[in-house]
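1. can you look at this prediction? I've put the sequence above it.
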Amino acid sequence: MSFRHLFIGLLISATACTTLAKGDDHYTTTTKETTTTTKATDQGMNESDTTLTRSIREKINSDDTMSMMGKNITIVSQNGMVTLKGAVASQNEKKKISRIANEISGNKVSDQMTVKK
């Protein structure tokens, strides 16, 4: 096997591994006007967005009644708007997390959470 063939094989393998490792970290928000896809990597990097996400995460994690699933939801803040995504243990937990995020963000929350069945 020539160096060229080996190099091409390694390049294809690396590309395939990178593609598989990325996983599915995006989801779609649909409103009457638009459809947008939000990913965990879309987290705003300005201080107010990171502070907003951190505040919500700390409040959720400090609640001893919250399940591990609830504590591990995805929280993305972009320009003051918060998106919540992930599975939670119950409808009550979903409401509680949404209420926490709304209180901290000033009612700027898109609730994309689902209840695990």
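-> Happy to help now that I have it. Predicted, not measured: the structure shown is a model, and the values here were computed from it.

2. all contacts plus neighbour counts: C-alpha atoms, from now on.
-> OK.

3. residue ranges with poor pLDDT in this protein?
-> Scanning the chain for pLDDT under 70 picks out the ranges 1-44.

4. in it, which spans are strands?
-> Residue ranges of the strands in the chain, as given by DSSP state E, are 26-30, 35-39, 74-78, 81-88, 109-115.

5. helices of this structure, start to end?
-> For the chain, the helices defined by DSSP state H occupy 3-22, 47-61, 68-71, 91-105.

6. and the residue nearest to residue 108 when sequence neighbours are not counted, what are its bridge partners?
-> Using Cα to Cα, 6 or more residues apart in numbering and skipping the chain neighbours, the partner closest in space to residue 108 is residue 81 (5.1 Å). The residues listed as beta-bridge partners of residue 81 by DSSP bridges are residue 78.

7. wait, what's in contact with residue 81?
-> Taking Cα atoms under 8 Å, 6 or more residues apart in numbering, we find residue 81 in contact with 105, 108, 109, 110.

8. isn't the last one right up against residue 84?
-> Right, residue 110. Yes. With contacts defined as Cα atoms under 8 Å, residue 110 counts as touching residue 84 at a distance of 6.3 Å.

9. more neighbours: which of these two?
-> Neighbours were counted for residue 110 and for residue 84 using other Cα atoms under 10 Å; residue 84 has more, 21 against 16.

10. the residue nearest to residue 108 and residue 92: what is the separation?
-> Residue 81 sits at a distance of 23 Å from residue 92 (criterion: Cα to Cα, to the nearest Å).

11. ok, now residue 103?
-> 16 Å.

12. I'd say residue 77 and residue 104 touch.
-> No. Residue 77 is beyond contact range of residue 104, at 11.6 Å (criterion: Cα under 8 Å).

13. just the closest of the contacts of residue 81 to residue 50, please.
-> Using Cα to Cα, residue 105 is the member of those that lies nearest residue 50, at 12.0 Å.

14. give the contact list for the closest one.
-> 52, 80, 81, 82.

15. taking those residues together, which two end up most distant?
-> Of all pairs drawn from these, the one with the largest separation by Cα to Cα is 52 and 81; the distance is 9.3 Å.

16. what's near enough to touch the closest residue to residue 72 other than its chain neighbours?
-> Once flanking residues are discounted, residue 72 sits nearest to residue 86: 7.8 Å by Cα to Cα, 6+ apart. When the contact criterion is Cα under 8 Å, 6+ apart, the partners of residue 86 are 72, 73, 74, 112, 113, 114.
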